[in-house]
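Undergrad: Next input, structure requested:
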Amino acid sequence: MRHATKSSGGFTLLELLISAAIGMVVIAAAAQLYSMSLQATMVTSQKAELQQDFRAASNLLQRDISMAGAGALGQQGIATNAVGLPAGTGINPVYPCSGLTTCNYIKSLPVAYPTTSPNVPFLYSIIPGYDLGITVNAAQGPTDIITLVSADVSLALNCYTAAIDTTGTVVTFQLPSPLPGTCVLPSTVTTPQALNAAVVGLQAGDMVLFGTAAVGVVTSAVTSCAPTGTNTACYTVTFAASDPGHINQPSATSGSLKQFVPTGATGATAIPVSAVRILAVTYYLDISPFDGVTPRLMRIQNGRTPAPVAENVAYLKFTYDVNNGGVVDANQASLPAGTTPSMITKVNIAHMSMRSQELVSGGYKGMDGYQGLDLQTSISARNMTSQQEYPITGSSY
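TA: Numbers count the residues shown, from 1 in each chain. Presented below is the predicted three-dimensional model:
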């Protein structure tokens, strides 16, 4: 009779080594797959963030560009597309300005308005700023800025009558009864707003266009005054010569509010034209002060504090289609000789390049780098006419 014997055999050392090697290969492969998955997730997240920033920036840019000239300066030639600013010895209007202290937002320096002969600065509906911005990437060179001007229909300033005192620095607005024919209220507004209202009223830094002849900048809080005659409300607005953009210049030979005051007049004299608040919006790039590295797209409106629109915008360039005597010169980075911004019919965002917040390791050819996207689109000003870009000859119309 046989007895079963219990085997005392096990894995040999070689078998253990082979098993361990196979296990390490499997673990290494799993770790590699996990790392690749994390990297892919990060890239996807960064792409989504870039696209979201793109939408935010492009929506604002397209809205402001399409509104350029609407309800204010117009788009039909220099007579209606621009207004002359104060000119004279030592007078140099500049932008963009914030509050009552500084205009130094473009490379820490102010920007001068474009001029026409004989060196008269003009406020245009569209003001190009070729190569005036900061340089983020030395290989790409300087970025562009752009300024867009339109009427602010949210404030019914055209419902008021205005009177300028003989100094050309104080304007009295009164609300007549009945309202004048120039009074056009927004659909959601039943009565003209108070000019000293905290949110929608005139604020320090706001720009006001009087007719088509002069622009003034509000320099202090609006105060109430006693209405006269049949007027129902009265407000006093100061346009002192202390604004940082040097727009208020009562001593200027042209372009000042004082031009509305007849020679020899005393006290306040009625202005025979209506007034409207205008929005002057400038887009530019700067570097975030939080880390001193991240580039971002900024938007500044009138005298408000500049606001960031999107981070990691590393390049911004514009070109323009210009109607030059019936011939459209397309994609002009800087305007051709003999043309002015009043001839612009279309704004082309040639490049709005964005990069990811963080470096991606092992990207193209194993090198580290940023994810990137580039926007290119064209926007026409809302009140640009077909006749302007496509002139009709030999027609009686």
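
Undergrad: now Arg55: how far from Ile344?
TA: If you measure Arg55 against Ile344 using C-beta to C-beta, to the nearest Å, the figure is 25 Å. Any C-beta I mention is one placed from the backbone N, CA and C, and that applies to glycine too.

Undergrad: So what sits opposite Ile106 in the bridge?
TA: On the basis of DSSP bridges, Ile106 is bridged to Leu109.

Undergrad: who touches it in this structure?
TA: Counting by C-beta atoms under 8 Å, 6 or more residues apart in numbering, Ile106 makes contact with Pro96, Gly129, Leu132, Gly133, Ile134, Ile145, Tyr284.

Undergrad: Now the last one: which helix or strand?
TA: Taking DSSP states H and E as the criterion, the element that holds Tyr284 is strand 275-287.

Undergrad: in its sheet, what does that strand sit against?
TA: Strand pairing for strand 275-287, using DSSP bridges, gives strand 145-151 (antiparallel), strand 207-210 (antiparallel), strand 295-301 (antiparallel).

Undergrad: What average pLDDT does the first one get?
TA: Taken as a whole, strand 145-151 has a mean pLDDT of 93.

Undergrad: gap between the next helix or strand after it and the chain center?
TA: Proceeding N to C from strand 145-151, the next assigned helix or strand is strand 161-165, under DSSP H and E. Once both centres are worked out by C-alpha atoms, centre = their mean, to the nearest Å, strand 161-165 turns out to sit 31 Å from its chain's centre.

Undergrad: Could you list every helix and strand in contact with strand 161-165?
TA: The contact analysis (3 or more C-beta pairs under 8 Å, 6 or more residues apart in numbering; DSSP states H and E) places strand 161-165 against strand 170-175, strand 268-270.

Undergrad: what mean pLDDT would you report for the first one?
TA: This predicted structure assigns strand 170-175 an average pLDDT of 92.

Undergrad: next one: stretch 304-321
TA: pLDDT averaged over stretch 304-321 gives 92.

Undergrad: Then stretch 290-301?
TA: 91.

Undergrad: ok, residues contacting that stretch?
TA: Stretch 290-301 has contacts (C-beta under 8 Å, 6+ apart) with 57, 60, 96, 98, 105, 134, 136, 279-288, 306-314, 316, 352, 357.

Undergrad: Please spell out the PyMOL selection for the buried subset of the residues you listed.
TA: Selecting only the buried entries of the contacts of stretch 290-301 in PyMOL, with 16 or more other C-beta atoms under 10 Å as the criterion:
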select buried, resi 57+60+96+98+105+134+136+279+280+281+282+283+284+285+286+309+310+311+312+313+314+316+352
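
Undergrad: hmm, back to that, which one of Arg55 and Ile344 is surrounded by more residues?
TA: Ile344 (26 against 12; other C-beta atoms under 10 Å).

Undergrad: correct me, but that one touches Thr319?
TA: No: Ile344 lies out of contact with Thr319 (C-beta atoms under 8 Å); the separation is 10.4 Å.

Undergrad: low-confidence ranges in the stretch 51-200 of the chain?
TA: Scanning the stretch 51-200 of the chain for pLDDT under 70 picks out 72-81, 117.

Undergrad: Quick one: the strands in it, in order.
TA: Per DSSP state E, counting those that start in this stretch, the stretch 51-200 of the chain carries strands over the ranges 82-84, 94-95, 111-112, 115-116, 120-124, 126-129, 145-151, 161-165, 170-175.

Undergrad: I'd like those strands as CSV, with distance to Ser35 appended.
TA: CSV is the format used below for the strands of the stretch 51-200 of the chain (distance: least, C-beta to C-beta, whole Å):
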stretch, distance to Ser35
strand 82-84, 59
strand 94-95, 50
strand 111-112, 48
strand 115-116, 59
strand 120-124, 54
strand 126-129, 45
strand 145-151, 42
strand 161-165, 69
strand 170-175, 67
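
Undergrad: Looking at those strands, which is nearest to Pro186?
TA: Closest approach to Pro186 among the strands of the stretch 51-200 of the chain is made by strand 145-151 (11.7 Å; C-beta to C-beta).

Undergrad: How far does that closest one sit from its chain's centre?
TA: On C-alpha atoms, centre = their mean, the centre of strand 145-151 falls 7 Å from the chain's centre.

Undergrad: And stretch 296-307, by the same measure?
TA: Here stretch 296-307 is found 7 Å from its chain centre; the criterion is C-alpha atoms, centre = their mean.

Undergrad: Show me what the longest helix seen in the chain is packed against.
TA: Using DSSP state H to define each element, the chain has its longest helix at helix 13-67. Packing partners of helix 13-67 (3+ C-beta pairs under 8 Å, 6+ apart): strand 145-151, strand 275-287, strand 307-311, strand 344-355, strand 372-380.

Undergrad: tilt between that helix and strand 275-287?
TA: For helix 13-67 against strand 275-287, the angle by axes from the mean of the first three to the mean of the last three C-alpha atoms, to 10 degrees is 160 degrees.

Undergrad: in stretch 246-253, what counts as buried?
TA: His246, Ile247, Asn248, Gln249, Pro250, Ala252.

Undergrad: residue contacts, the residue nearest to the fifth one when sequence neighbours are not counted?
TA: In this case it means Pro250. Nearest residue to Pro250, sequence neighbours excluded (C-beta to C-beta, 6 or more residues apart in numbering): Gly168, at 3.7 Å. Applying C-beta under 8 Å, 6+ apart to Gly168 gives the contacts Phe239, Pro250, Ser256, Leu257, Lys258, Gln259, Phe260, Val261.

Undergrad: ok, now how distant is Gly168 from Asp206?
TA: In this structure, Gly168 and Asp206 are 18 Å apart, going by C-beta to C-beta.

Undergrad: how about the residue nearest to Pro186 when sequence neighbours are not counted, phi and psi?
TA: With sequence-adjacent residues excluded and distances taken as C-beta to C-beta, 6+ apart, Pro186 is closest to Val153, at 5.8 Å. Main-chain dihedrals, Val153, degrees, to the nearest 10: phi -80, psi 0.

Undergrad: buried set for whichever strand or helix holds Lys317?
TA: Here Lys317 sits within strand 313-324, counting by DSSP H and E. Of all the residues in strand 313-324, those buried under the rule 16+ other C-beta under 10 Å are Val313, Ala314, Tyr315, Leu316, Lys317, Phe318, Thr319, Tyr320, Asp321, Val322, Asn323.
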